[in-house]
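Participant: Here is the input, now give the coordinates:
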Amino acid sequence: MKSKAITTAGRIDEFRTALQQGIDGITRAAEIYVAAIDDNPQSADVFRDTFADRVAASVWSQFEAIGRKWMHPRLLMGGVSSGRKTTAIKRLTYSTQERIFERERFPLLTSSGDKLMLDILEATNDQLDQMCTGNHIRTLSEQRAWIESQAAVVKAEPVQVMPYTIESGRVKFRKGCQMTRAEIRRLLTEM
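Facilitator: As a prediction, the model looks like this:
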């Protein structure tokens, strides 16, 4: 008689099923919580007291957000690579959050004017800043305007050139300048 060995792929399938059941359970619990506080706002305190040993006080607002479909339950689980990305996704509408977690790709305008289709969960911070604003994903024309505004900011900030350089314990002044005592002290500490 052969023994059935469970493969890693089999364990992954089991884990995926159990994880989805957990997410579904959290969603259902959040919906129950919201129904209770809609019926009686004081129920929030009763829930918090009853489950104080199992649920951190900071999580109840997230339960309400999940129950009201303001926040996708996968955000509660930490299913995003960075806090910055989590924050950006939380600000989006629930329907957009679902599209993101279904791994839909959204258009990203490149500096050359080409359009790339990008999974927001794989986006860099710069790409995320370009694509997401407030409660929506920017259109290509909004992204173009954002790129142009960022270029204007970079041009507007002149590089501060120090009026001196320090080399081998010597100060070489590039141009005539006036310095306060504090600036001279700082200069001496740099030497």
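Participant: Only C-alpha atoms from now on, for both contacts and neighbour counts.
Facilitator: Noted.
Participant: Phi and psi next, for the nearest residue to Leu140 once chain neighbours are set aside.
Facilitator: Spatial nearest neighbour of Leu140, excluding adjacent residues (Cα to Cα, 6 or more residues apart in numbering): Leu109 at 6.1 Å. Main-chain dihedrals, Leu109, degrees, to the nearest 10: phi -90, psi 130.
Participant: Check Leu109 and give its pLDDT.
Facilitator: On the pLDDT scale, Leu109 is placed at 94.
Participant: Now tell me which helix or strand of this protein has the poorest mean pLDDT.
Facilitator: strand 164-167 (a mean of 77; mean pLDDT, DSSP states H and E).
Participant: Can you list the helices and strands that the very next helix or strand once past it packs against?
Facilitator: Counting by DSSP states H and E, the next helix or strand C-terminal to strand 164-167 is strand 170-173. Applying 3 or more Cα pairs under 8 Å, 6 or more residues apart in numbering; DSSP states H and E, one finds that strand 170-173 makes contact with strand 164-167.
Participant: Okay, helices next: where are they in the chain?
Facilitator: Ranges of helices in the chain, per DSSP state H, are 8-39, 43-50, 60-67, 73-76, 83-91, 94-101, 125-131, 140-156, 181-190.
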